[in-house]
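>>> Return atomic coordinates for the entry below.
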Amino acid sequence: MANYILGKVKRKQKMFRVLVTETEVYNTDELILNGIDYNPSTLIENEETYQLTDFSQSGYCLDFLTNELNTVEHDQILKVDLKKLSFICTVQDNLYFFQIINSSFFISKKWFSVDELTLETEKPIITINPFADAIYNKLNDTLYFKKLTSAQKIFKGMDQLYKEATEAETQTFLENDFLEVSQDYGAILVTIPNRKRIALVNETLNKLSDNEKIAIYDYTNAYGQVTYENGKFKIENDDDLKFVLWGIEQRFYTTQIGGEKRVANSIISI
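The predicted model follows:
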């Protein structure tokens, strides 16, 4: 069965046909797509991937994924454009394997093949990773990926799945009634991880009633890492803010055996 490699050239909108091969590029027999619905609060193991279901309806999907593949409709890429590739897509049956292409994937050195002992000089090659940056399964309309930062380079707009608060949004958050922020610490000093947490926490707080918010603040205070007086957490630095944000996300728990207080590094809803 034929397998196809298509390519996206920088500053050009359409996909180009790169090559057709009977050789299997990715070993699908050993491929296990263990997908977990994407959530920025969830960390995955090495053997796992994030997933976005109903991907064709997400607004991030590329047009050519929604149609039946017809390679005749794709122009053959020109040799001069091969060094301008931003990503390639290998199509095997109903699986689409995407790989970002950057300078590290171009090899332009003198080399010789172990099959043919002749020295090659002006034949640069593009290497293919054993695991793609993103895999789209057309049968179940699901995109699988390990790093959002990589996937969003292919599917523009996906970075909105894990947005960070702007400086204005961060400043507004720091002005909340339940925070008392030191004059030596302000929005400009809030790190990117905390800005991302603020974006998530804002959504959480908007869903809570006043009584639920009070319960969350009491719960956070029970783990006693940040001074809490007169209904306000005293924020002196980025670590203080991180602790309060963890509390609002309800990441703290106490082990049933031993009573050890812990913070959950990753969360999966069950």
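
>>> doesn't residue 244 make contact with residue 179?
Yes. Between residue 179 and residue 244 there is a contact under CB atoms under 8 Å: 7.3 Å. Bear in mind the C-beta positions are built from the backbone N, C-alpha and C, glycine included.

>>> out of the two, which sits in the more crowded spot?
residue 244 (26 against 16; other CB atoms under 10 Å).

>>> Tell me who's in contact with the more buried one.
179, 220, 226, 233, 235 (CB atoms under 8 Å, 6 or more residues apart in numbering).

>>> Can I get the strand or helix carrying it as PDB, trimmed to CA atoms?
Per DSSP states H and E: residue 244 is located in helix 238-248. Output in PDB follows, covering the C-alpha atoms of helix 238-248 (Å, rounded to 0.1, in the frame of the first residue of the first chain):
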ATOM      1  CA  ASP A 238       6.000  34.400  43.400                       C
ATOM      2  CA  ASP A 239       6.000  31.300  45.600                       C
ATOM      3  CA  ASP A 240       3.300  32.800  47.800                       C
ATOM      4  CA  LEU A 241       1.100  33.400  44.800                       C
ATOM      5  CA  LYS A 242       1.800  29.900  43.400                       C
ATOM      6  CA  PHE A 243       0.600  28.400  46.700                       C
ATOM      7  CA  VAL A 244      -2.600  30.300  46.700                       C
ATOM      8  CA  LEU A 245      -3.300  29.400  43.100                       C
ATOM      9  CA  TRP A 246      -2.700  25.800  43.900                       C
ATOM     10  CA  GLY A 247      -5.200  26.100  46.700                       C
ATOM     11  CA  ILE A 248      -7.900  27.600  44.400                       C
END
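
>>> related to what we said a few turns ago, return the member of the contacts of residue 244 nearest to residue 35.
residue 220 (32.2 Å; CB to CB).

>>> How many neighbouring residues does that closest one have?
Residue 220 has 24 nearby residues by other CB under 10 Å.

>>> nearest spatial neighbour of it, skipping sequence neighbours?
residue 247 (2.7 Å; CB to CB, 6 or more residues apart in numbering).

>>> Tell me the confidence at the closest residue to residue 191 other than its chain neighbours?
In this structure, residue 191 finds its nearest non-sequential neighbour in residue 238, 5.4 Å apart by CB to CB, 6+ apart. Residue 238 carries a pLDDT value of 95.

>>> and residue 238, how many residues sit next to it?
Residue 238 has 14 nearby residues by other CB under 10 Å.

>>> Dump the contacts of residue 244 to TSV, plus secondary structure.
Formatted as TSV, these follow (DSSP: H, G, I helix; E, B strand; the rest coil):
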residue	secondary structure
179	strand
220	helix
226	coil
233	strand
235	strand
